[in-house]
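> coords below, sequence missing:
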């Protein structure tokens, strides 16, 4: 009982000190949320698309919305080390209706090369996966690694992107055991050409999972 009272009191104090603001326009919100009603209505909803890996393997891509504001602004906050926004992105993914319907046994975030991780201090995809995993009650597998440093995909042409990430991911033996026969969901913040997701999915298929899908905050259309 005392713990419950303390939690309520802490929430009241926190809300008074740090009131909820819209992540897009900063307007004060009447209750704690991510976007105000006006900004939420600006999210351009999109259906799922299939990423073709081979003649027999396709990865369904589930996105909250199109890669436009306000989602785009929240995603790009990672460039300014605004780590807290990753939690908000994870909440958006966890709430998404299409994603809630998917059978998922384990989440696999798209990894950063260790040098990029050291520079940024965190991996936005990992933060998103952590929030979704908590909401779904499933584990996060960190056994997929970026085995070599690649150029920023945004700085590459469409044709160069595939070569840039070709063979860039590897799954450990422990990861293969963890994912074997499981419904696996790759997690990333944004889906553009699909080159990164395809390279990561190819590495996961070595584990012989039951299925592979991808959960992202936004995708280009």
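That came in fine, so what should we check first? Just so we're clear, the structure is a prediction, and the values are computed from it rather than from any experiment.
> in terms of helix, strand or coil, where does the residue positioned nearest the centre of the chain fall?
Among the residues of the chain, the one closest to the centroid is residue 188, at 3.5 Å (Cα atoms, centre = their mean). Three-state assignment for residue 188 (DSSP: H, G, I helix; E, B strand; the rest coil): strand.
> repeat for residue 108
When classified by three-state DSSP, residue 108 comes out as strand.
> was I right about it contacting residue 144?
Yes: Residue 108 is within contact range of residue 144, at 5.3 Å (criterion: Cβ atoms under 8 Å). C-beta coordinates here come from the backbone N, C-alpha and C atoms, glycine included.
> overlap in contacts, these two.
200, 204 (Cβ atoms under 8 Å, 6 or more residues apart in numbering).
> between those two, which is the more surrounded one?
Each of residue 108 and residue 144 has its neighbours counted (other Cβ atoms under 10 Å); residue 108 has more, 31 against 22.
> and the pLDDT for the more buried one?
At residue 108, the predicted lDDT confidence score is 98.
> any idea how far it is from residue 175?
Going from residue 108 to residue 175 by Cβ to Cβ, to the nearest Å gives 8 Å.
> what sits in contact with each of those two?
Shared contacts of residue 108 and residue 175, counting by Cβ under 8 Å, 6+ apart, come down to 141, 143, 144.
> tell me the contacts of the second one?
The neighbourhood of residue 143, defined by Cβ under 8 Å, 6+ apart, consists of 108, 171, 172, 174, 175, 176, 178, 179.
> need phi/psi at it.
Per-residue torsions, residue 143: phi -90, psi 0 (degrees, to the nearest 10).
> cool, the last one as well?
Here the main-chain torsion angles of residue 144 (degrees, to the nearest 10) amount to phi -90, psi 130.
> before we move on, back to that, among the contacts of residue 143, which are in strands?
Applying DSSP state E to these, the entries found in strands are 108, 171.
> all helices of this protein, in order?
Using DSSP state H, the helices of the chain run over residues 2-17, 37-40, 71-75, 84-95, 97-100, 114-120, 124-136, 158-165, 173-179, 195-204.
> report the mean confidence score over the fourth one.
This points to helix 84-95. Helix 84-95 carries an average pLDDT of 92.
> equivalent analysis for the first one, please.
Average pLDDT, helix 2-17: 38.
> output the lowest mean pLDDT helix or strand found in this structure.
Ranked by mean pLDDT, DSSP states H and E, the weakest helix or strand in the chain is helix 2-17, scoring a mean of 38.
> all good on my end, thank you.
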